[in-house]
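> turn this into a structure:
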Amino acid sequence: QVQLAESGGGLVQPGGSLRLSCTASRFILDYDAIAWFRQAPGKEREGVACINSEDDSTYYADSMKGRFTISRDNVEKMVYLQIRNLNPEDTAVYYCARARSRACRSWYPSDYTYWGQGTQVTVSS
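Numbers count the residues shown, from 1 in each chain. As a prediction, this is how the structure comes out:
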């Protein structure tokens, strides 16, 4: 059964950091790109970062470059999203998702087949 599950969210003060984790079956990590998306209240889901399955190339949405780092550990079957210098605008539910391809190709949610349940990140003092 295909499963993705996020963890690591929580309440963080502005300027803080978090590392989100996404656990996935080895099958997914071997064959499909994995991306992180986020959805803030009242806003559409938006892409954050994506990592290829073949060569671990990483991609970031234009507005996300600089403070986010995506990485994967195939042994532990995990994909991570490191977020630095958090600000209140980063408050959202963060999701990991399986792409329909081995390479990262788009930020359209419809191009991703399986999603985790999300983990809440709240940035507030």
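> show me what Asp73 is bridged to.
Met78 (DSSP bridges).
> for Trp36, that is, sorry about that
Beta-bridge pairing for Trp36 (DSSP bridges): Ala49, Cys96.
> surely Ile70 forms part of a strand?
Yes - under DSSP: H, G, I helix; E, B strand; the rest coil, Ile70 sits within a strand.
> can you tell me which residues contact the residue nearest to it when sequence neighbours are not counted?
Distances taken as Cβ to Cβ, 6 or more residues apart in numbering place Ala49 nearest to Ile70, at 3.8 Å, with adjacent residues excluded. Any C-beta I mention is one placed from the backbone N, CA and C, and that applies to glycine too. Contact analysis of Ala49 by Cβ atoms under 8 Å, 6 or more residues apart in numbering lists 35-36, 58-61, 64, 68-70, 81.
> any idea how far Gln13 is from Ala49?
Using Cβ to Cβ, to the nearest Å, Ala49 is found at 23 Å from Gln13.
> and Arg19, by the same measure?
Distance of Arg19 to Gln13, given as Cβ to Cβ: 16 Å.
> what's the answer for Ser25, then?
Relative to Gln13, Ser25 is positioned 35 Å away (Cβ to Cβ).
> and what of Tyr59?
Counting by Cβ to Cβ, the gap from Tyr59 to Gln13 is 29 Å.
> between these two, which one's more packed in?
Between Tyr59 and Gln13, Tyr59 has the larger neighbour count (other Cβ atoms under 10 Å), namely 20 against 9.
> so that one sits right up against Cys104, yeah?
Yes - Tyr59 lies in contact with Cys104 (Cβ atoms under 8 Å); the separation is 4.7 Å.
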